[in-house]
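Colleague: give me the fold of what follows.
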Amino acid sequence: MVSVTHAAHEIEVTAESLQGDLARLEVQKQALERELAAVKAHLGSVQRALGALQTLMSAAGSAPPGAVGATATHETGGATRVEPRREPATTAPVDEATASDEAGGQQKYGKLTEQILDYFAGAGDTDVRARDVAEALGRATDSGSINAVRSTLDRLVGTSRIHRAGRGLYRAA
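Modeller: Okay, here's the model as predicted:
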């Protein structure tokens, strides 16, 4: 009888442990999904920017390095690495959230980008960190969410929509 009670207790402890793991893994899954969405958005904007630059370069009469049909080689510690031919950036699928609004001629940004721009519109001349922005937007403060915000902030710095005020600090433009 003691061994049956002990086995039942072990099963109960194992089930509780698995339930805790399940909850932790669900939170981690959500964080990774948010981070993946941010990476996809960044990938799409980089692909569009590269496509626009390639178009400008070809219009100016010179092909950019790594353009379609070219093969690039790189010296890496005595070994030569050959990169495969690249596909044109314009063939990549474009996420509806970042697609261009043809009727109005204005670009429609992703939800996070719009939220961050709205936040900085009211922030004034205050220096803020990515964690502060994530908290202000009601996002989780795990590393995945903060990295998604930081990635978006860096893209906005690159387009001069906001300014980098110092290491890890951002300010409205």
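
Colleague: Asn147 touches Glu35, doesn't it?
Modeller: Yes - assessed by C-beta atoms under 8 Å, Asn147 is found in contact with Glu35 at 6.1 Å. C-beta: built from backbone N, CA, C; applies to glycine.

Colleague: Ala172 pairs with what?
Modeller: With DSSP bridges as the criterion, Ala172 is bridged to Ile162.

Colleague: quickly find the element holding Val39.
Modeller: helix 2-59 (DSSP states H and E).

Colleague: what about that helix, average pLDDT?
Modeller: Regarding helix 2-59, the rounded mean pLDDT is 86.

Colleague: show me what it packs onto, helices and strands only.
Modeller: helix 111-123, helix 143-158 (3 or more C-beta pairs under 8 Å, 6 or more residues apart in numbering; DSSP states H and E).

Colleague: how much space between Gly168 and Ala148?
Modeller: Noted for Gly168: a distance of 15 Å to Ala148, by C-beta to C-beta, to the nearest Å.

Colleague: what's the closest of the helices and strands packed on helix 2-59 to Ala23?
Modeller: helix 143-158 (16.4 Å; C-beta to C-beta).

Colleague: in that closest one, what counts as buried?
Modeller: 144-153, 155-157 (16 or more other C-beta atoms under 10 Å).

Colleague: go on, stretch 125-140?
Modeller: For stretch 125-140, the neighbour count (16+ other C-beta under 10 Å) marks Val128, Arg129, Ala130, Arg131, Asp132, Val133, Ala134, Glu135, Arg139 as buried.
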